[in-house]
Every structure is written in C-alpha cells, then in structure tokens.
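A.B. asks: Predicted model follows, preceded by the sequence.
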Amino acid sequence: MSSTPTPDGNHAVLWPRAPRQMQQKPLAPRLQDLEGKTIAFLWDELFRGDLIFDMIKEELAKRHPGMKFIGWEVFGSTHGDHEKEALAALPQKFRELGVDAVISGMAC
Amino acid sequence: MKQAAATSIGLGIPNIPLALVPGHVGTQSLEQLQQNILKVTVDQVIDNFTKATAAKGDRSEPGARDIVFTGGFSAVNEFFYEHEYSDGLPVVPPTVERVEEFLKYTDRSPDEMLGVVLPDNRAATVWSIAVNGVMAGCRPEFMPILVALVEAMCDPRYGVEHSGNTPGGDTLIILNGPIIKELEFNYTQGALRDGFLPNTTIGRFWRLYLRNVAGFLLHKTDKATFGNTWRVVFAENDDVLAEIGWTNTAESMGFKRGDNTVTIARYTGGGSLSSVSGSTPEQLLPYLADTVQKYHMWQLTFTVSHGNGTLRPLIIISPIIAQTIAKAGWSKSDVQQFLWEQARLPAWQLERQLRDWNIRGVWNLEEDVKAGKIPGLFFESADPQRMVPIVWKPEDIMIAVGGDPFRNNAYVFAHNAFLGFPTCKRIQLPNHWASLPKN
C-alpha cells in the first residue's frame, strides 16, 4: 500500500452567512429619576412573571411612592399566537397610556 | 442572559439592558424568589432605567460573496468549525464553481432575497441557499427544494425565530409530489432514518441554514436544554394515498395532488408505536388516539389561550394501516374525527399539567372559555372529570402515510404549535428542468 499522502485539494471557499439587514438602534434616553414615572409590564406568560412583577412593583412602590404601574394584562401576551399583533400595537398604547419605561419578561 | 445578549445583536440593540433573577425561577420557593428579587433584581431594574449602557461597536463581517478561506479539505473544515459555520461533521467546501452548479437549477436570481431570518436578521438569498446546500452535501438538482424550504422558513406564520427555544424541538420536512421518485427519495422502509442521500442531505441543509443564516448557535442564540438533531426529509407515500383515495399532506395544506411541495413544522417529541393491530378502524385507532393524547403534556399550553389552539399533532401511519382503515370505507377525515373524539383527557388533568406542573397559575379552562379565548367545548360543565380534547377541531390532527409498507407501526410527533407552525410551499422547478441532468 502506498504511503504517499493523498492531496487535500485547494479550495477557495465562500462565506456561508449573509449580510445582516438591521442597523444598530440607539436605546431610548434613560430616566433622570423615577419619581412620578409610569412603568408598564409586558409578559410572555411564562416563568412566573406574574408573581415576579408583583414583587418588583411592590418594592419599587416602596422606594418611589409616586410611581404608577400598568399591568401586563393590558397589552396581551408577548409570546402567544397573537404576539406579533400585540407587539405591533405597543407604541401607540404606550403613548396613549403615558408610559415612561417598560419592564418586559420573562426569559429563562 | 447569554441568549438575550446574543439575540439582541440581530435585533439591532446589542446593549439592551437586562436584569437578572438568580438561579431558575421554576425551582425556587416563593420566599427564595422574593429574596432574590429584592437583593438582586430590583436594583438592576432601577439601574437599567436610569444609567446608560455603553453602545457596542459594529462587528465587521465578510461580504455576501467573499472568499473567507483558501486551503485543503481538512483546513477548510477546521476553519469552518472554529468559526461555527459547520455542525461538526465535514462539510463539502463551498467553492464558487460548486455554487454555480446549484444556481443552474433555479430561474431565481442569486441575489434575490426570499426574506429576512431572525434572530440574526440576515438576508435569505438564493446565493446563500446554494452555498449551504453545497456544504450539506446536497446535489445541485435539489436546489428547487432548498429554495422552497427557505421560502417556508421565511414565512412569518412558521415562526422560525422560536427555533432556539429551550424545548429544543426540530423541524420535520414532509415532501410530496412526483419529485420524490424523480430525485430518488426514500419513501418506504426507514423513511425517517438517514442513509438515502436526498432525504439525509436536505435535512442537514435545513439545520445548516438555521445555523448560518438564521443564526442559531448553541450556547449563544440556541437555548435548547437537550435539543434534537436535524431530521431527514420524510417523503410521503403518495402512491398509497392515491390508491386509497386519501388526501396527501400537500392537499391537506391547500395544494393539488401532483404538486411538488414541502411542508415544514416543528416537533418537540413523540415516538414510535409498534404493533398497531386490528382488522377494523375501531380496533386500530384507539391505540393511536391514546398515544396522541399521552405524548402531549406541557404542549397542552398551546391548546388553551397561550397558544390559541395552534397545536397540530402529526401521526404518520404505515401504508398497511392506512389501507386497512380505507378498506372499511373510512376517509382521512373519518380518522381525524375519531381521533379528535377519543384523544381526550379529564379537564382536571389538563389544568393540573399546566397550573401545577408547568406553573402557569393565571388561568383555568372556565376563565379561558368565559373570556372567549377558547371554544366552549372546554367548559361544557363544571365536572372536573369531563373529557376535553387536545385540539380544537378534528382537522387539527395531521395524518401522513409512509414508512415500511408491510409493518403495522405508526409514529406520533408532539407539536410545538405557533413556534413551528405547519407551513407548505410549492417547489418551483426552472423552465429548463427537463433538460437538466439529475444523478
């Protein structure tokens, strides 16, 4: 049997990915403070978000008594068969409800 | 946190603020959860509201048609593995020459964009399909099928963006039409096993495309706890279906008999049923009904308001079972009706699964029905022993026919609902298809 190594070829290979189509977006400006701010909760109906949001809300309200909260029930699930519609409706709903910031969960 | 950070890059917000709940919320007592929220999470939430996070710089990438490496077969594979372009198996080096061979089998322009695929937000171009098709070991004549598959992947109804979820299911591709025989797919014994080049390489292409263009990478954007590996293409036995007068999957999805189509859907589990015995439908089908119900447990979340009834279990039955049922005068619809009536469980068990075991504490069947979110048949009385179905309508149970023609076995696939919803596309052959060589 020959001991000469078989040539491995010489291959100029192409990039298997494709260009991204999304430009980087800047984050919304941060809040100067939390006094009197309206916070909305968005939930994907998973991972005990309902309990966790209640705990967060309670603690935030203790630290900043003037804060207002809008519950996840107002917006529809962010992870259900209607998630695309729910997400598309958010900008207008946030404007109408005077939302200053959002807590969205839960990932795991 | 890692998955959120990786996924946010494709969404254009690489510095999205995140807050952590330590550990896994599913294994903590209420007291532990509260402690973690108070000690860790709330402070991070407040920081995220009030402190800016540094913008991350753009990471440069090659261009769509760039040569990224030149070298021998082994060196190419090492480079591809290091750069997470390959699945760990050797790939066929995607050279310009090989890609151009693939492009001969489509009328579509190489730069045509079929859609944009999440989570990476990359362009699903005909060119990128050919590159990944070469890598997977496909033959050039498979190109029309690959294009149809990516069209299905890009269809928003399918939900490709969910392909990195923790249940880790994988897609089954069902193929129908004369192309099955023309390109020599296996559609009989061993229909779900690797070993036949068309079935195997196209299955591999699917996952390579999810990796390289959709952007699903383990330990980053793909969060499968365990995961399934890619599935070979299931070519349905259209001959038997025609013989017994049942619709094939393509027809069930709105196409015509004789159309070449691919149907994709994502499944998280299931298994094989051996020895489905009996000489009448009434003897054969109870075993199937019982198994379909048993194989769907946490997936029942999709039966109720969370999934809006998008659960679509799939049962593949072997030809001899289908022929035996058809001989008794039963149509596919009759089988679906029987299964829908029999694949049921007591209401209290469905609620226990979701409320107590999967800790979804915010609903029950009565609430969902009264809110108009699910059909009234889920709360026809308050009796907790009342039997409720796992899908809303008989036709929600999908039935396909294939496998060993002479074994009385079946296979149930547990469906991932809107996270991989059944989507069917026609395979468009180029005008000059008849004149093109096929191996």
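C.D. replies: Yep, that arrived. Residues are numbered from 1 along each chain as shown, chains lettered A, B, ... in the order given.
A.B. asks: pretty sure residue B:101 is in a strand, no?
C.D. replies: No: assigned with DSSP: H, G, I helix; E, B strand; the rest coil, residue B:101 falls outside any strand and is helix.
A.B. asks: How many neighbouring residues does it have?
C.D. replies: Residues near residue B:101, counting by other CB atoms under 10 Å in any protein chain shown, number 17. Where C-beta positions appear, they are placed from N, C-alpha and C, glycine not excepted.
A.B. asks: Next one: it from residue B:141, what distance?
C.D. replies: In this view, residue B:101 and residue B:141 are 10 Å apart by CB to CB, to the nearest Å.
A.B. asks: swap in residue B:339?
C.D. replies: 38 Å.
A.B. asks: of those two, who's got more company?
C.D. replies: residue B:339 (25 against 21).
A.B. asks: how about the helix or strand containing residue B:201, does it get close to chain A?
C.D. replies: Taking DSSP states H and E as the criterion, residue B:201 maps to helix B:197-209. Yes: interface with chain A: helix B:197-209 contributes residue B:208 (CB under 8 Å from any CB of the partner chain).
A.B. asks: Can you check the pLDDT for residue B:54?
C.D. replies: pLDDT, residue B:54: 73.
A.B. asks: and it, which of the three is it?
C.D. replies: Under the three-state scheme (three-state DSSP), residue B:54 adopts coil.
A.B. asks: check contacts around it.
C.D. replies: Residues near residue B:54 by CB atoms under 8 Å, 6 or more residues apart in numbering or on different chains: residue B:15.
A.B. asks: Distance check, it against chain A.
C.D. replies: Computed as CB to the nearest CB, to the nearest Å, the residue B:54 to chain A distance reads 10 Å.
A.B. asks: And for residue B:148?
C.D. replies: 18 Å.
A.B. asks: from what I can see that residue touches residue B:424, true?
C.D. replies: No: Residue B:148 lies out of contact with residue B:424 (CB atoms under 8 Å); the separation is 9.2 Å.
A.B. asks: anything in contact with each of the two?
C.D. replies: Applying CB under 8 Å, 6+ apart, one finds that residue B:148 and residue B:424 are jointly contacted by B:261-262.
A.B. asks: What is the neighbour count of the closest residue to chain A within the stretch 301-439 of chain B?
C.D. replies: Residue of the stretch 301-439 of chain B nearest chain A, by CB to the nearest CB: residue B:308 (3.5 Å). When neighbours are defined as other CB under 10 Å, residue B:308 has 18 of them.
A.B. asks: got it, and residue B:105?
C.D. replies: 24.
A.B. asks: for residue B:162, same thing?
C.D. replies: By the criterion of other CB under 10 Å, residue B:162 has 20 neighbours.
A.B. asks: pLDDT score for the residue of chain A found nearest chain B?
C.D. replies: Nearest residue of chain A to chain B, counting by CB to the nearest CB: residue A:8, 2.9 Å away. pLDDT for residue A:8: 91.
A.B. asks: Quickly check: the longest strand belonging to chain B near chain A or not.
C.D. replies: Longest strand of chain B, by residue count under DSSP state E: strand B:261-273. No: using CB under 8 Å from any CB, strand B:261-273 stays clear of chain A, with a minimum separation of 14.3 Å.
A.B. asks: Give me the angle between the helix or strand just after that strand and strand B:261-273.
C.D. replies: Counting by DSSP H and E, the next helix or strand C-terminal to strand B:261-273 is helix B:281-294. Interaxial angle, helix B:281-294 versus strand B:261-273 (axes from the mean of the first three to the mean of the last three CA atoms, to 10 degrees): 90 degrees.
A.B. asks: Show me what helix B:281-294 is packed against.
C.D. replies: Packing partners of helix B:281-294 (3 or more CB pairs under 8 Å, 6 or more residues apart in numbering or on different chains; DSSP states H and E): strand B:261-273, strand B:314-317, helix B:319-327, helix B:332-342, strand B:410-415.
A.B. asks: Which positions in the shortest one come out as buried?
C.D. replies: If you call a residue buried by 16 or more other CB atoms under 10 Å in any protein chain shown, then strand B:314-317 has these buried ones: B:314-317.
A.B. asks: and if you look at stretch B:108-127?
C.D. replies: For stretch B:108-127, the neighbour count (16+ other CB under 10 Å) marks B:108, B:110, B:113-127 as buried.
A.B. asks: Now cross-check those against chain A and list the overlap.
C.D. replies: Residues of those in contact with chain A (CB under 8 Å from any CB): B:116, B:120-125, B:127.
A.B. asks: Turn the residues you listed into CSV, columns for pLDDT.
C.D. replies: Formatted as CSV, those follow (pLDDT from 0 to 100):
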residue, pLDDT
B:116, 97
B:120, 95
B:121, 96
B:122, 97
B:123, 97
B:124, 98
B:125, 98
B:127, 98
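A.B. asks: Show me these that map onto strands.
C.D. replies: Members of these lying in strands (criterion: DSSP E): B:116, B:122-125.
A.B. asks: and the residues you listed, which two are the farthest apart?
C.D. replies: Spanning the widest gap among those are B:116 and B:125, at 10.3 Å by CB to CB.
A.B. asks: what comes into contact with stretch B:153-163?
C.D. replies: Here stretch B:153-163 makes contact (CB under 8 Å, 6+ apart) with A:84, B:114-119, B:124, B:152, B:171, B:209-210, B:214, B:216, B:222, B:264, B:266, B:416, B:418-421, B:423, B:425.
A.B. asks: And the buried ones among these, selectable in ChimeraX?
C.D. replies: The ChimeraX selection below is limited to those of the contacts of stretch B:153-163 classed as buried (16+ other CB under 10 Å):
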select /B:114,115,116,117,118,119,124,152,171,209,210,214,216,222,264,266,416,418,419,420,421,423,425
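A.B. asks: before we move on, the earlier item: quick one: contacts for the residue of the stretch 301-439 of chain B closest to chain A?
C.D. replies: Residues near residue B:308 by CB under 8 Å, 6+ apart: A:80-82, B:302, B:373, B:418.
A.B. asks: Tell me how many other residues surround residue B:29.
C.D. replies: Residue B:29: 8 neighbours (other CB under 10 Å).
A.B. asks: Please write out the alpha-carbon positions of the least confident helix or strand in chain A by mean pLDDT in CSV.
C.D. replies: None of the helices or strands of chain A scores lower by mean pLDDT, DSSP states H and E than helix A:83-88, at a mean of 91. Output of helix A:83-88 as CSV, limited to C-alpha atoms (Å, rounded to 0.1, in the frame of the first residue of the first chain):
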residue,chain,number,x,y,z
GLU,A,83,-47.7,38.0,19.7
LYS,A,84,-47.0,39.9,16.5
GLU,A,85,-50.2,41.8,16.8
ALA,A,86,-49.6,42.5,20.5
LEU,A,87,-46.1,43.9,19.8
ALA,A,88,-47.2,46.0,16.8
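A.B. asks: So for it, what gets flagged as buried?
C.D. replies: Quick answer for helix A:83-88 (16+ other CB under 10 Å): A:83, A:86.
A.B. asks: Leaving out sequence neighbours, find the closest residue to residue B:224.
C.D. replies: What sits nearest to residue B:224 in space, not counting adjacent residues and going by CB to CB, 6 or more residues apart in numbering or on different chains, is residue B:168, at 2.8 Å.
A.B. asks: So the one you found, which state does it fall into?
C.D. replies: coil.
A.B. asks: residues touching it, list them.
C.D. replies: By CB under 8 Å, 6+ apart, the contact set of residue B:168 is B:223-228, B:268.
A.B. asks: Could you list the low-confidence segments of chain A?
C.D. replies: Within chain A, the stretches with pLDDT under 70 are A:1-6.
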